[in-house]
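Visitor: here is my input; please provide its structure:
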Amino acid sequence: MNDLNSLFEPIAAESVVDLVANQIENLIVQGILPEGARLPSERELSEKFDVSRPKVRDALKRLEELGLLHVRHGEGTFVAQLSGQAMTPALIDLYARHGMAFYDYLEYRKEQEAFATRLAAERSTPSDKAAIAEIIEELKQAHEAGDLDTSEQADVRLHTAIVNASHNAMLIHMMRSIYDLTQRGVFYNRRYLRTVDGSGDSLLQQHIRIADAVMSGDPGEAEAAARDHLDFVEMSFRIGEERERREAFAKKRKLALETTAASPGQANGRPSK
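Guide: Take a look at the predicted model:
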């Protein structure tokens, strides 16, 4: 928790409550303080802002009244849930029963990620690039070790880090909800992609290509890499679905042949004598 102290800066004496509240608001709107983040204590904030604790308390109370913070007695002050769920549980279940919704999801995600990745290539800071590079190394190590769980987690964190590097507050908040659905396996499980990419090599190389383009500051290549990656995801699922469809028919044919062989006299609808 003490690590969050570095997010706050000393402020001037005039309009102290306003300035404290505004600084916390800015951290929330930029996605730096995400939903559910626990703020430092009043004492810690008072020391970091270099203002009295009553002023900090008033600022926190104002933000709580605005619905931006939530106080849990005995636990602390937390950033409230602001963006809500991207979809209600009922809508998620409905989409799960109607497979074409998955491709709508991919279509939406492709356009948003392509835009975010282009922006990230133009706007990413040294800190953004360091975070992306660290996740890429984690992906490489997990791939070499065959650690699928770590790969899945790092995959989502990489896409999140790239969107964060776009420094577009709207994209950051909207895509966080989308990635939450992905991480919970609402639309697909990453392991299903291995129906095409059995080794996971292609996925790793795609992520490396995206990260390299962002870190080298090449917007055109970054956008193209993001689109190619989502095209691969879509192609993989279409191939996987087709394989499952063929296998289902193959099983039915096998069952029909076995049944016919067991009762040869019933072929062509004629009962045996």
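Visitor: mind listing the helices for the stretch 1-150 of the chain?
Guide: All helices of the stretch 1-150 of the chain, identified by DSSP state H, counting those that start in this stretch, fall at 16-29, 42-49, 53-65, 89-97, 100-123, 126-145, 148-164.
Visitor: one more: the stretch 151-273 of the chain?
Guide: Applying DSSP H, counting those that start in this stretch to the stretch 151-273 of the chain gives helices spanning 169-183, 201-216, 219-262.
Visitor: quick check: which of these is buried the most?
Guide: Sort these by mean neighbour count, taking mean count of other C-beta atoms under 10 Å, and helix 201-216 sits at the top with a mean of 19. In this view, the C-beta of every residue, glycine as well, is placed from N, C-alpha and C.
Visitor: okay, which residue is most central for this protein?
Guide: Of all residues in the chain, the one closest to the mean position by C-alpha atoms, centre = their mean is Tyr179, 2.2 Å from it.
Visitor: how much space between that one and Val163?
Guide: 8 Å (C-beta to C-beta, to the nearest Å).
Visitor: could you do Pro54 as well?
Guide: With distances taken as C-beta to C-beta, Pro54 is found 38 Å from Val163.
Visitor: looking at these two, which is more packed in?
Guide: Val163 (26 against 12; other C-beta atoms under 10 Å).
Visitor: same list (the helices of the stretch 151-273 of the chain) but as a markdown table, adding distance to Gly74.
Guide: Listed next are the helices of the stretch 151-273 of the chain as a markdown table, based on distance: least, C-beta to C-beta, whole Å:
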| stretch | distance to Gly74 |
| --- | --- |
| helix 169-183 | 27 |
| helix 201-216 | 42 |
| helix 219-262 | 44 |
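Visitor: what number of neighbouring residues does Ala131 come out with?
Guide: Neighbours of Ala131 (other C-beta under 10 Å): 19.
Visitor: now do Ser46
Guide: Neighbours of Ser46 (other C-beta under 10 Å): 18.
Visitor: next up, the contacts around it.
Guide: Residues in contact with Ser46 (C-beta atoms under 8 Å, 6 or more residues apart in numbering) are Ser52, Arg53, Lys55, Val56.
Visitor: most neighbours among these, which one is it?
Guide: Val56 (26 neighbours).
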